[in-house]
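1. Sequence and predicted structure are below.
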2 protein chains.
Amino acid sequence: MIQTKGYAAQNAETDLAPWNFERREVGAHDVQIEILYCGVCHSDLHQIKNDWFPGVFPMVPGHEIVGKIVKVGDHVKNFKTGEMAGVGCMVDSCQACSECQQGLEQYCQEGNTQTYNNLDREGRPTYGGYSNTIVVREEFVLHISDKLPLAATAPLLCAGITTYSPLRHWKVGKGHKLAVLGLGGLGHMAVKFGVAFGAEVTVLSTSPDKKEAAEALGAHHFVVTSDAAQLKAVKGSFDFILDTVSADHDMNLYLSLLKTNGTHIVVGVPAPYAIHPFSLIGGRKSLAGSGIGGIKETQEMLDFCAEHGIVSDIELIDIKDITKAYERMVKGDVRYRFVIDIKTL
Amino acid sequence: MIQTKGYAAQNAETDLAPWNFERREVGAHDVQIEILYCGVCHSDLHQIKNDWFPGVFPMVPGHEIVGKIVKVGDHVKNFKTGEMAGVGCMVDSCQACSECQQGLEQYCQEGNTQTYNNLDREGRPTYGGYSNTIVVREEFVLHISDKLPLAATAPLLCAGITTYSPLRHWKVGKGHKLAVLGLGGLGHMAVKFGVAFGAEVTVLSTSPDKKEAAEALGAHHFVVTSDAAQLKAVKGSFDFILDTVSADHDMNLYLSLLKTNGTHIVVGVPAPYAIHPFSLIGGRKSLAGSGIGGIKETQEMLDFCAEHGIVSDIELIDIKDITKAYERMVKGDVRYRFVIDIKTL
């Protein structure tokens, strides 16, 4: 077994603290990565607090993992020691169902194996990237180009693919008016991708003070959602809304901002929301959801980012400051993603 | 002015009763129809009871209108006296916005003019088909083929187009598994169209006693939604659900019956429903709405029905029995649409 250092929550009531644990030995099809950076996702906090469902404890969060390959199994074909690599939200899936066969492992019919807070296919708990090393089967390891600044690449593994995938799936691009709802870790990536794909991008935000920041990211327009006049001016104007907000918000209001045939795509996870049927029927609108992206598409996204010089805007932190970082994250006080420097572990 | 006989609700508390009123003279672009049959839509009852919004009273309901043209204006190009014609849910729209230009008058940016319970573009109340004659601008009049049995054609103008349009828009057909939720006026048309378009059709119903009736309509499968085992067997199996139910129901349950990338289309109008974001995110699912159809598509639907021998299954009633018919409709005690024989007026 591989002795591993990490930060874990022992239960839903405790803060994260140092914890040593074991990872499996590197199997024939496995890749071992020395973790260098790990992004901090809002879902890390939701999960250690059991906000969504009872978790598997002790819990080592982290699913925006980048680092250096230090060992590969005998049958590993596509990775070599010394290369940079990444791991996102999944470390396994059935690999046999029609979704897996289509590269949609995130929608695996048997459920994918999450990078942490899950049991793997042999029933062992999975532990995430707030740790110094990880062992993952090669099908779930991503290549990271040397062109990409490594720390700022970590958030691409969740915030990046979660916004890239729906924009690609719904073919958002030139000629489309895209609104990005919420300007946090996911939202700022959605703006970068939307702009890169040629869409006319509007940031919808509750915070008037994010206007300059939104424009700096490339957004063409900025609308303060608490300003009724600004909101009225964009009524019925968007082809797509990419909704990254996890706090409760009035979906019917945002649906009214869509054009006929428009689509509101949720990637954030607020509490259940009330939809009035007329909000959809009036204008043949769709409310859709999208979860991360498949492995093939995640690689495509990373390659696209390398080619177009797209990474996350980050603030690098010491892992000892993780609880403070969570507090700031909840307040939206980060532009736009905390990334843990794992050498501080 | 044209003296007209009809049945009206004087306010939201009274039953329908005979009422005489005036219609406008036939203008240069108008068609006057002697109404022979009018379908009874559940929305007629919702509207006279102010269930959705405060209505325009006195209210003459009815938007599934068929009859014979008795007069045409001097500039009418496409209709002649003596021909059979129909009028659906709309009698006007701005005719200028991009939606109207695309033949999507139902989503007119200025709002279409509803056949009843609305003010027309000059501010006069509109009155529906529970009456002996109607005057409508020709752009909103439909041709009815002589091949179609007239009374059973009336419901095509709302129940027909409301189900035809989304099935066409989402290209439902061969290779698709379609579930039809609810087997009433809309649901039975959805089954007929789904089968005609080549889809594998399952009826989802709360009533086990509708199985034979569903099969008689051409449905390939029948699932009783109160039976947990039957429901479990179809989990994750449908490409589309066409949801015709206006009573409250658990959308999250039905979303779980969709395949990855599946779409749940609502055409019924229940109270606002609660959606859990994971119901959409897990499987990249869509919840969409659709409202009736445009005029061009309504004509296409009527022509398709004439070609394929599709009409509604109806029970013809005397207009004096309308209140009794509403009571039976609320209980689902009609297979599948009441149609008023207007000569009983």
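-> Okay, I see it.
2. gap between residue A:341 and chain B?
-> 31 Å (CB to the nearest CB, to the nearest Å). C-beta coordinates here come from the backbone N, C-alpha and C atoms, glycine included.
3. thinking that residue is in contact with residue A:154, fair?
-> No - Residue A:341 is not in contact with residue A:154 according to CB atoms under 8 Å; the separation is 10.3 Å.
4. and the closest residue to chain B within the stretch 1-150 of chain A, how many neighbours does it have?
-> Closest residue of the stretch 1-150 of chain A to chain B, CB to the nearest CB: residue A:107 (4.4 Å). Close neighbours of residue A:107, defined as other CB atoms under 10 Å in any protein chain shown, add up to 25.
5. That one against residue B:262, yeah?
-> No - Residue A:107 lies out of contact with residue B:262 (CB under 8 Å); the separation is 10.7 Å.
6. shared neighbours, the two?
-> residue B:283 (CB atoms under 8 Å, 6 or more residues apart in numbering or on different chains).
7. which residues of the stretch 51-200 of chain A fall in helices?
-> A:98-101, A:150-153, A:159-169, A:185-196 (DSSP state H, counting those that start in this stretch).
8. what's the last one in contact with?
-> Residues external to helix A:185-196 that are found in contact with it (CB under 8 Å, 6+ apart): A:39, A:41-42, A:155-156, A:159-160, A:162-164, A:167, A:172, A:178, A:180-181, A:183, A:201, A:203, A:214, A:217-220, A:242, A:244, A:267-268, A:304, A:308, A:310, A:312-313, A:334-337.
9. Run the angle between that helix and helix A:159-169 for me.
-> Helix A:185-196 and helix A:159-169 meet at an angle of 40 degrees, taking axes from the mean of the first three to the mean of the last three CA atoms, to 10 degrees as the criterion.
10. mean confidence for helix A:185-196?
-> The average of the pLDDT scores along helix A:185-196 is 98.
11. Equivalent analysis for stretch A:297-308, please.
-> 98.
12. Name the helix or strand for the residue in chain A sticking out farthest from the centre, please.
-> The C-alpha centroid of chain A is most remote from residue A:229, which lies 32.6 Å away (CA atoms, centre = their mean). Applying DSSP states H and E as the criterion places residue A:229 in helix A:228-233.
13. Just list what that helix packs against, helices and strands only.
-> Counting contacts by 3 or more CB pairs under 8 Å, 6 or more residues apart in numbering or on different chains; DSSP states H and E, helix A:228-233 is packed against strand A:221-224.
14. Any idea how far the strand it packs on is from the middle of the chain?
-> The chain centroid and the centroid of strand A:221-224 are separated by 24 Å under CA atoms, centre = their mean, to the nearest Å.
15. And stretch A:295-303, by the same measure?
-> For stretch A:295-303, the distance to the chain centre is 13 Å (CA atoms, centre = their mean).
16. Go through it and flag the buried ones.
-> Going by neighbour count (16 or more other CB atoms under 10 Å in any protein chain shown), the buried part of stretch A:295-303 is A:295, A:297-303.
17. quick check, that stretch touching chain B?
-> No - between stretch A:295-303 and chain B, judged by CB under 8 Å from any CB of the partner chain, nothing touches; the nearest distance is 11.8 Å.
18. in the stretch 201-345 of chain A, which spans are helices?
-> A:211-216, A:228-233, A:251-255, A:277-281, A:295-308, A:322-330.
19. Let me know the angle separating the longest one from helix A:159-169.
-> For helix A:295-308 and helix A:159-169, the angle between their directions (the same axes, to 10 degrees) works out to 100 degrees.
20. coming back round to it: of the helices of the stretch 201-345 of chain A, which approaches residue B:149 most closely?
-> Nearest to residue B:149, of all the helices of the stretch 201-345 of chain A, is helix A:277-281, at 29.7 Å by CB to CB.
21. Now do the same contact list for the nearest residue to residue A:269 once chain neighbours are set aside.
-> With sequence-adjacent residues excluded and distances taken as CB to CB, 6 or more residues apart in numbering or on different chains, residue A:269 is closest to residue B:277, at 4.7 Å. Listed by CB under 8 Å, 6+ apart, the contact set of residue B:277 reads A:266, A:268-270, A:272-273, A:289.
22. Among those residues, which one lies nearest to chain B?
-> The closest of those, once distances to chain B are taken by CB to the nearest CB, is residue A:289, at 2.7 Å.
23. On the strand side of things, show who that closest one bridges to.
-> Bridge pairing for residue A:289 (DSSP bridges) gives the partners residue A:266.
24. Go ahead and confirm it touches residue B:284.
-> Yes - the criterion here is CB under 8 Å, and residue A:289 meets it with residue B:284 at 6.5 Å.
25. for chain B, what are the nearby residues on the stretch 151-300 of chain A?
-> A:166, A:169, A:236, A:251-252, A:260, A:263, A:266-270, A:272-291.
26. So which bits of stretch A:135-146 are buried?
-> Going by 16+ other CB under 10 Å, stretch A:135-146 has these buried residues: A:135-142, A:144.
27. let me fix that: stretch A:102-113
-> Applying 16+ other CB under 10 Å to stretch A:102-113 flags A:104-109, A:112-113 as buried.
28. In these, find the pair that's most separated.
-> Largest pairwise distance in those, by CB to CB, is 14.9 Å, between A:104 and A:113.
29. Output the helix or strand where residue A:46 lies as PDB - backbone C-alpha positions only.
-> Using DSSP H and E, residue A:46 sits within helix A:42-48. This file holds the C-alpha atoms of helix A:42-48, laid out as PDB (Å, rounded to 0.1, in the frame of the first residue of the first chain):
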ATOM      1  CA  HIS A  42     -17.700  24.700  -3.800                       C
ATOM      2  CA  SER A  43     -18.900  21.100  -4.000                       C
ATOM      3  CA  ASP A  44     -16.000  20.100  -1.700                       C
ATOM      4  CA  LEU A  45     -17.600  22.100   1.100                       C
ATOM      5  CA  HIS A  46     -21.100  20.900   0.300                       C
ATOM      6  CA  GLN A  47     -19.900  17.300   0.500                       C
ATOM      7  CA  ILE A  48     -17.900  17.500   3.700                       C
END
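30. so what secondary structure elements neighbour it?
-> helix A:322-330.
31. burial count for residue A:179?
-> The burial count for residue A:179: 28, using other CB under 10 Å.
32. so it touches residue A:204, yeah?
-> Yes - between residue A:179 and residue A:204 there is a contact under CB under 8 Å: 5.2 Å.
33. Okay, buried residues for stretch A:172-186 please.
-> A:172, A:176-186.
34. What's the end-to-end length of that stretch?
-> 16 Å (CA to CA, to the nearest Å).
35. can you check stretch A:234-251 too?
-> 15 Å.
36. now swap in stretch A:146-154 and tell me
-> Using CA to CA, first and last residues of stretch A:146-154 are 13 Å apart.
37. quick revisit: pick the most deeply packed of the helices of the stretch 201-345 of chain A.
-> By mean neighbour count, with neighbours taken as mean count of other CB atoms under 10 Å in any protein chain shown, helix A:277-281 ranks first of these at a mean of 22.
38. so residue A:75 sits right up against residue A:31, yeah?
-> No - counting by CB under 8 Å, residue A:75 stays clear of residue A:31, with 11.1 Å between them.
39. Which residue of those two possesses the greater neighbour count?
-> More crowded of residue A:75 and residue A:31, by other CB under 10 Å: residue A:31, with 27 against 10.
40. Report the angle between whichever strand or helix holds the more buried one and helix A:185-196.
-> Element membership for residue A:31 (DSSP H and E) is strand A:30-39. If you take the same axes, to 10 degrees, strand A:30-39 sits at 100 degrees to helix A:185-196.
41. was I right about residue A:296 contacting residue A:103?
-> Yes - if you go by CB under 8 Å, residue A:296 and residue A:103 touch, sitting 4.0 Å apart.
42. shaky segments in the stretch 101-250 of chain A?
-> The stretch 101-250 of chain A contains no residues with pLDDT under 70.
43. can you do 90?
-> A:206-207, A:246-247 (pLDDT under 90).
44. Tell me, what's the model's pLDDT at residue A:256?
-> 97.
45. Can you report how many residues lie near the residue found closest to it once you drop the neighbours it is linked to in the chain?
-> In space, and not counting its chain neighbours, residue A:256 is closest to residue A:235: 5.9 Å by CB to CB, 6+ apart. Neighbour count for residue A:235, taken as other CB under 10 Å: 12.
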